[in-house]
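Trainee: After the sequence you'll find the predicted model.
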Amino acid sequence: MDDPFFSLGQEINRTVHKVLDARSLEDLGTTIRDTVQRTTQKVSEGAKRASEDVRRAAENARAGTAESPSEVDASAGAGQDTQAPPYSYYRAPAPSYAPPAYHAYRPKAGTPGQAGSILLIVFGFLGAIPLAVLALIFWVIGLMGSLSFWAVPAAILTVLALAFVVMILCGFSRRRRIQRYAQYQAVIAGRSFCEVAELAAATGRDAGFVVKDLTKMVQARLFPEGYFNPEKTCFMLDYATFQQYLQAQERQRREAEEKRRRKQQLDADPELAAIQQMMQEGNDYLTKIREIKAALSEADAVQKLDTLADVVGKIFVYVEKHPEKLPQIRKFLCYYLPTTLKLAEAYRDLDEHDAAEGVEESKREIREALNKINLAFGQLLSNLMQDDLLDLSADIAALETMFAQEGLTGRTLRPEK
């Protein structure tokens, strides 16, 4: 028979018998048979376990979960293909602070790639072990007989076995990545963003590894979308959150620019700086007065503090519009207002100890003092506005004179007393 495969088979059979019949190698055949039997048994058991894992994974995928004895529960969205946003997950700008809690991120049920990783491992073992055993046999036969004849098929079998080993390694690599993906999802817990440091702490990895890992997961569509800030400190899972983040960054940039511009203005204009400082102090005093008022229960005291806050606010507003009046309220700022605030705070403290002896008398004295202070501050406001009032009177008198000269009115513009 001229069949080359038949001739090759006969040659293998003769060589194997020749080797096995040698006394120096009488145990080689037994060793090889035992090895093949044990290997075949392990492959059978591994295939059985792997097929059981595949069956459970398929059932869990249909049920909307992904549970297996060696897997951590995870859920992630397969996601639908959308047009890539203008910023990729490599270039997304980032917050210098932790972003606010945006809307919840809801991954779809199931773990992408879980069944595929199991199949890679199963078929890798099914291919690698038999090929490796055959390659070993061929190499042994070649070494015992004609190496030049057996080297080529042994090398081919070795390369094929290594290819299946690579398949096994890829399967285990994907399986570990899916396990980390489940850990990431557990930490993210439905949020649409997460700090990289938080994920690194949960997985026991450094931040650089987590960034690369998340990037690969986005490329593999485990996460349908993913965006990093430039510092790679925050991971955002959808484009809507990324847009909100960009808007927050833009607001922060505008606020910083406005602060810088106002600082330049204040540095260039000392009078404006003094007015701004006065307004800041005034707002602080008004805030404290309102806080004290909110803590009081007596209507009379509350009404007096209402009047006080109203008059003080009008003084500050007027001086803000008329900066030249600022020197006239220096004593008001440096002494009168701080002293008034101390009285109000003392009244609040006394109000908390209403049952103590002498408290009512002290509270009455403070209320009377607040009456006098309100009158004094009202007079201060009138004094500040005196020039404007005189100007108004002069304008009214001038109009009356002009109307009288033109015969336009026989009555004055001033109301009769």
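Mentor: Yes, it's here.
Trainee: sec struct for Met217, please.
Mentor: Each residue gets one of three states, and Met217 gets helix by DSSP: H, G, I helix; E, B strand; the rest coil.
Trainee: Now Leu384: closest residue in space that isn't a chain neighbour?
Mentor: Nearest-residue entry for Leu384: Lys325, 5.3 Å, with adjacent residues in sequence omitted and distances by CB to CB, 6 or more residues apart in numbering. C-beta coordinates here come from the backbone N, C-alpha and C atoms, glycine included.
Trainee: wait, that neighbour sits on Tyr318?
Mentor: Yes: when contacts are counted by CB atoms under 8 Å, Lys325 is listed as touching Tyr318 (7.1 Å).
Trainee: shared neighbours, the two?
Mentor: Common neighbours of Lys325 and Tyr318, counting by CB atoms under 8 Å, 6 or more residues apart in numbering, are Leu384.
Trainee: Could you pull up the contacting residues of Phe316?
Mentor: For Phe316, the set of contacting residues under the criterion of CB under 8 Å, 6+ apart consists of Met278, Met279, Gly282, Leu286.
Trainee: before we move on, which element is it in?
Mentor: Following DSSP states H and E, the helix or strand that holds Phe316 is helix 299-321.
Trainee: quick one: low-confidence ranges for the stretch 251-400 of the chain?
Mentor: Confidence mapping of the stretch 251-400 of the chain against pLDDT under 70 gives the ranges 265-266, 268-269, 354-357, 387-395, 397-398.
Trainee: ok, back up a step: now the residue nearest to Leu384: how far from Gly282?
Mentor: According to CB to CB, to the nearest Å, Lys325 and Gly282 sit 13 Å apart.
Trainee: And those two? Which one has more around it.
Mentor: Ranked by neighbour count (other CB atoms under 10 Å), Lys325 and Gly282 place Gly282 first, with 20 against 16.
Trainee: helices and strands around the host helix or strand of that one, which ones?
Mentor: Following DSSP H and E, the helix or strand that holds Gly282 is helix 270-295. In this structure, helix 270-295 packs against helix 239-268, helix 299-321, helix 337-351, with contacts taken as 3 or more CB pairs under 8 Å, 6 or more residues apart in numbering; DSSP states H and E.
Trainee: Switch those helices over to JSON lines; also include distance to Val166.
Mentor: Converted to JSON lines, these look like this (distance: least, CB to CB, whole Å):
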{"stretch": "helix 239-268", "distance to Val166": "36"}
{"stretch": "helix 299-321", "distance to Val166": "76"}
{"stretch": "helix 337-351", "distance to Val166": "77"}
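Trainee: out of those, nearest to Ala207?
Mentor: Closest approach to Ala207 among the helices and strands packed on helix 270-295 is made by helix 239-268 (18.9 Å; CB to CB).
Trainee: which parts of that closest one are buried?
Mentor: Along helix 239-268, the positions that meet the burial threshold by neighbour count (16 or more other CB atoms under 10 Å) are Tyr239, Thr241, Phe242, Gln244, Tyr245, Leu246, Gln249, Leu266.
Trainee: which among the residues you listed gets closest to Lys259?
Mentor: Nearest to Lys259 among these, counting by CB to CB, is Leu266 at 10.4 Å.
Trainee: for this structure, longest helix please?
Mentor: Ranked by residue count under DSSP state H, the longest helix found in the chain is helix 147-188.
Trainee: mind giving me the domain ranges of the chain?
Mentor: 4-243, 272-384 (automatic domain parsing).
Trainee: tell me how far the ends of the last one are from each other?
Mentor: By CA to CA, to the nearest Å, the extent of domain 272-384 from end to end equals 19 Å.
Trainee: Use 457 as the first number for this chain going forward.
Mentor: Fine by me, first position is 457 from now on; the one you just mentioned is domain 728-840.
Trainee: returning to that earlier point: looking just at contacts, which helices and strands does the longest helix of the chain meet?
Mentor: For helix 603-644, the packing partners by 3+ CB pairs under 8 Å, 6+ apart come out as helix 570-600, strand 649-651, helix 652-659, helix 663-675.
Trainee: Let's see that with 6 Å instead.
Mentor: Contacting helix 603-644 under the criterion 3 or more CB pairs under 6 Å, 6 or more residues apart in numbering; DSSP states H and E are the following elements: helix 570-600, helix 652-659.
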